[in-house]
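Asks: the following comprises the amino acid sequence and a computationally predicted model.
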Amino acid sequence: MESFFQGRSATRSSWNYESLKNFRQISPRVQNHLKLVYLTLCCALGASAVGVYLHILMNIGGFLTFLGCSVGIIWLCTTPPYNERKRFGVLMATALLEGATLGPLIQLVLDFEPSILVSAFVGTALAFGCFSGAAIIAKRREFLYLGGLLSSGLAILFWLRFASAIFGQATAMFNVELYFGLLLFLGYVVFDTQEIIERAHLGDLDYVKHALTLFTDFVAIVVRILIIMMKNASEKSDDEKKRKRRS
């Protein structure tokens with residue numbers, strides 16, 4: 001028992017500022033690959049923001065942009081990395097179409113309360129950075145076991161959606177899907193980051209495909225945070241209106 005507590009205290013003491021700068025377990029080649037991945041991710045997020053802006057100006061978001069985005073994702077996932085420039089261009093186009101597809105939701109948020117959009121994006125960026133950073137500084141392969149659990153969770157989420165489509169979506173079921181999906185994709189950030197590191201160690205340096213993986217995680221998180229924040233703000237506004245009527 002004493003050795004157990006000694007081990008726990010030693011683990012805590014090892015987490016300090018120096019441990020945050022310890023990338024010795026990641027080779028320089030993999031570190032450069034991660035820089036490319038996150039730089040490409042930032043470019044994809046910028047392209048997605050352009051897609052949102054184009055929807056606000058021209059109302060282009062809808063089924064066609066969703067279909068084009070899906071085709072782009074499938075193409076990037078199934079083609080070998082023989083032409084990086086072409087694949088990078090396809091990723092930017094896919095991200096732009098994804099932003100246009102999310103345009104109606106963003107427009108709804110802007111019409112309701114614009115500050116929610118800023119808060120949701122900042123919150124998503126902080127959560128994404130923390131979970132992805134934790135995966136980077138953790139021991140190699142430490143979180144890869146989450147793959148089976150996350151796959152099971154994704155299957156559960158799919159069947160919950162399927163049941164809601166057939167039997168109707170109750171408020172409780174909607175809340176379960178929303179919060180469970182948020183936790184699920186936060187877990188995927190950790191898992192995907194470590195999987196990218198391991199694949200890079202094994203020679204897979206397809207930074208475009210890896211950036212696409214993290215991009216889909218980021219979008220899934222920000223959408224759920226937006227819906228949660230807008231839902232909470234709407235409920236709060238309704239409660240205030242009821243109080244004013246009573247008074």
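Replies: That came through fine.

Asks: how far does stretch 107-120 sit from the chain's center?
Replies: 19 Å (C-alpha atoms, centre = their mean, to the nearest Å).

Asks: got the CA coordinates for it in PDB?
Replies: C-alpha atoms of stretch 107-120 as PDB (Å, rounded to 0.1, in the frame of the first residue of the first chain):
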ATOM      1  CA  GLN A 107     -26.500  32.100 -39.200                       C
ATOM      2  CA  LEU A 108     -29.000  31.000 -36.700                       C
ATOM      3  CA  VAL A 109     -26.500  31.600 -33.900                       C
ATOM      4  CA  LEU A 110     -25.600  35.000 -35.200                       C
ATOM      5  CA  ASP A 111     -29.300  36.000 -35.400                       C
ATOM      6  CA  PHE A 112     -29.900  34.700 -31.800                       C
ATOM      7  CA  GLU A 113     -26.800  35.800 -30.000                       C
ATOM      8  CA  PRO A 114     -23.500  36.600 -31.800                       C
ATOM      9  CA  SER A 115     -21.400  36.300 -28.600                       C
ATOM     10  CA  ILE A 116     -22.200  32.600 -28.500                       C
ATOM     11  CA  LEU A 117     -20.200  32.000 -31.700                       C
ATOM     12  CA  VAL A 118     -17.000  33.500 -30.200                       C
ATOM     13  CA  SER A 119     -17.400  31.700 -26.900                       C
ATOM     14  CA  ALA A 120     -18.000  28.400 -28.600                       C
END
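
Asks: any chance you could list what contacts it?
Replies: Stretch 107-120 has contacts (C-beta atoms under 8 Å, 6 or more residues apart in numbering) with 55, 56, 106, 222, 225, 226, 229, 230, 233, 234. The C-beta positions use only the backbone N, C-alpha and C, and glycine is treated the same way.

Asks: what of stretch 197-207?
Replies: 26-27, 29-30, 33-34, 36-37, 40, 81, 135-136, 140-141, 144, 210.

Asks: now do the buried residues in the lengthiest helix in the chain.
Replies: Assignment by DSSP state H gives helix 207-246 as the longest helix of the chain. Neighbour counts over helix 207-246 (16 or more other C-beta atoms under 10 Å) mark 207-230, 233 as buried.

Asks: residue ranges with poor pLDDT in this protein?
Replies: 1-25, 140, 168-170, 247 (pLDDT under 70).

Asks: can you show me the helices along it?
Replies: 2-14, 17-20, 28-58, 63-78, 84-112, 114-137, 146-167, 171-201, 207-246.

Asks: show the contacting residues for residue 224.
Replies: Contacts of residue 224 by C-beta under 8 Å, 6+ apart are 178, 181, 182, 185.

Asks: cool, residue 45 as well?
Replies: So residue 45 contacts 95, 215, 218 (C-beta under 8 Å, 6+ apart).

Asks: returning to that earlier point: show the buried residues in the contacts of stretch 197-207.
Replies: For the contacts of stretch 197-207, buried by 16+ other C-beta under 10 Å: 26, 30, 33, 34, 36, 37, 40, 135, 136, 210.

Asks: which residues are in contact with stretch 68-85?
Replies: Contacts for stretch 68-85 (C-beta under 8 Å, 6+ apart): 87, 90-91, 93-94, 97-98, 101, 205-206, 208-209, 212, 216.

Asks: and of the contacts of residue 224, the nearest to residue 242?
Replies: Checking those against residue 242 by C-beta to C-beta gives residue 178 as the nearest, at 23.5 Å.

Asks: how close does the closest one sit to residue 185?
Replies: Residue 178 is 11 Å from residue 185, where distance means C-beta to C-beta, to the nearest Å.

Asks: and residue 38, by the same measure?
Replies: Taken as C-beta to C-beta, the span from residue 38 to residue 185 is 18 Å.

Asks: who has more neighbours, those two?
Replies: Comparing residue 38 with residue 185 by other C-beta atoms under 10 Å, the one with more neighbours is residue 185, at 26 against 16.

Asks: tell me the contacts of the more buried one?
Replies: Per C-beta under 8 Å, 6+ apart, neighbours of residue 185: 217, 220, 221, 224.
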